[in-house]
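**Q** would you be able to build a 3D model of this:
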Amino acid sequence: MNGREIIAAAIQMSSTPNKGENLDTAERLMRSAVSSGAGLIALPELWNCHGLEDVYRENAEPVPGPTTEFLGGLAGELGVYLLGGSILEGGPQATKLDNTSTFFGPDGRMSAVYRKIHLFDVKAPDREYHESRTIAAGTEIVTAKAGAATIGLSVCYDVRFPELYRLLALRGAEVLAVPAAFTLQTGKDHWELLLRARAVENQAYVVAPAQWGRKADGRWTYGRSIIVDPWGTVLAQCPDRDGFALAALDLDYLDRFREDFPALKNRRPEAYDW
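**A** Numbering: from 1, shown residues only. Now for the predicted structure:
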């Protein structure tokens, strides 16, 4: 990080049900991102275990717990801000699990915890999804500090609910984090469209790390991890492989842009009463 600029990396993985294998891949990609100059690193949704619902519960864990200790240790060793994508939080006796995103500072301390609010209960082109059968809906809107930047936390399906991101922006968010595991069928038409819209309407950077490729249960995830600027311009995007999108987030530019084009200040909340 240099003054009001931070270099961000959106990690792209094709996680498996093997937690140890996923941790090794994540560490390799994070170290590579730091070598490329990243000061803010973001992992995708369910990066430590993905692909088979029948192993999710046995791989769920408390927060804090082993995976967050792993992330905190790496953040401290590498001296970076780290968005821990999301993992499944809970114990073996829990009725439902949480889809939980965590955030760490360069001191290795966990400074924020967000639990996914919007659950993916849809009939998509490829299959039906019922996330609420096993996952509890979160209730708290969460921001975190990354040096001079304020980060707004969210997870995947949240991106379809602009109310959340407007509230994050009104709470000071300059960077919107959207770790995801978008399906191929929805992603090819909606992934970039939605992320660019959230960036433009909230005059914020968007950092969206994603799962890619075919999963152990046979379904496909879209990938194309992306970083978008407040004008809606794509600054960086991953091809279809493990890796990361890397881009500089210029917060001084963001300040000037919000001053010159004051859409957030021009809101008329008194007219929005339902």
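**Q** and the host helix or strand of residue 57, what's buried?
**A** Assigned by DSSP states H and E, residue 57 belongs to helix 56-59. Of the residues in helix 56-59, 56, 59 count as buried by neighbour count, 16 or more other C-beta atoms under 10 Å. For the C-beta atoms, the positions are set from N, CA and C on the backbone; glycine is no exception.
**Q** following the lowest-mean-pLDDT helix or strand in the chain in sequence, what is the next regular element?
**A** The helix or strand of the chain with the lowest confidence, counting by mean pLDDT, DSSP states H and E, is helix 56-59 at a mean of 89. Elements were assigned by DSSP H and E; along the chain past helix 56-59, the next helix or strand is helix 66-78.
**Q** what sits closest to residue 185 if chain neighbours are left out?
**A** Beyond its immediate neighbours in the sequence, the residue positioned closest to residue 185 (C-beta to C-beta, 6 or more residues apart in numbering) is residue 125, lying 4.0 Å away.
**Q** all strands for the stretch 101-250 of the chain, in order.
**A** 110-115, 121-123, 128-130, 143-146, 149-153, 175-177, 205-208, 212-214, 220-222, 226-228, 234-237, 243-250 (DSSP state E, counting those that start in this stretch).
**Q** most packed of the ones you listed?
**A** Among the strands of the stretch 101-250 of the chain, the stretch with the highest mean neighbour count (mean count of other C-beta atoms under 10 Å) is strand 205-208, at a mean of 29.
**Q** check the offset of that one from the chain's centre.
**A** With C-alpha atoms, centre = their mean, to the nearest Å as the basis, strand 205-208 stands 8 Å off its chain's centre.
**Q** is it true that residue 85 touches residue 210?
**A** No - using C-beta atoms under 8 Å as the test, residue 85 is too far from residue 210 to be in contact (9.5 Å).
**Q** which residues do the two both contact?
**A** Among the neighbours of residue 85, those also in contact with residue 210 (C-beta atoms under 8 Å, 6 or more residues apart in numbering) are 44-45, 179.
**Q** hmm, the residue nearest to residue 185 is touching residue 186, no?
**A** Yes - in this structure residue 125 lies within contact range of residue 186 using C-beta under 8 Å: 7.4 Å.
**Q** the more surrounded of those two?
**A** Taking other C-beta atoms under 10 Å, residue 125 and residue 186 do not tie; residue 186 has more neighbours (19 against 11).
**Q** could I get the contacting residues of that one?
**A** The contact partners of residue 186, by C-beta under 8 Å, 6+ apart, come to 124-125, 222.
**Q** including distance to residue 79 and pLDDT, could these go into TSV?
**A** Supplementary listing: those in TSV, determined by distance: C-beta to C-beta, whole Å; pLDDT from 0 to 100:
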residue	distance to residue 79	pLDDT
124	40	86
125	43	85
222	32	98
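**Q** now, which of these sits nearest residue 15?
**A** Within those, the smallest distance to residue 15 is 14.0 Å, found for residue 222 (C-beta to C-beta).
**Q** pLDDT score for the nearest residue to that closest one once chain neighbours are set aside?
**A** If the residues on either side of it in the chain are set aside, residue 222 comes closest to residue 187, at 2.6 Å by C-beta to C-beta, 6+ apart. We have a pLDDT of 97 for residue 187.
**Q** tell me the spacing between residue 187 and residue 193.
**A** 10 Å (C-beta to C-beta, to the nearest Å).
**Q** of these two, who's got more company?
**A** residue 187 (21 against 10).
**Q** so what's that one up against?
**A** With contacts defined as C-beta under 8 Å, 6+ apart, the neighbours of residue 187 are 210, 221-224.
**Q** which pair in those has the greatest spatial separation?
**A** Greatest spacing in the contacts of residue 187, by C-beta to C-beta: 221 and 224 (9.9 Å).
**Q** nice, that's everything, thank you.
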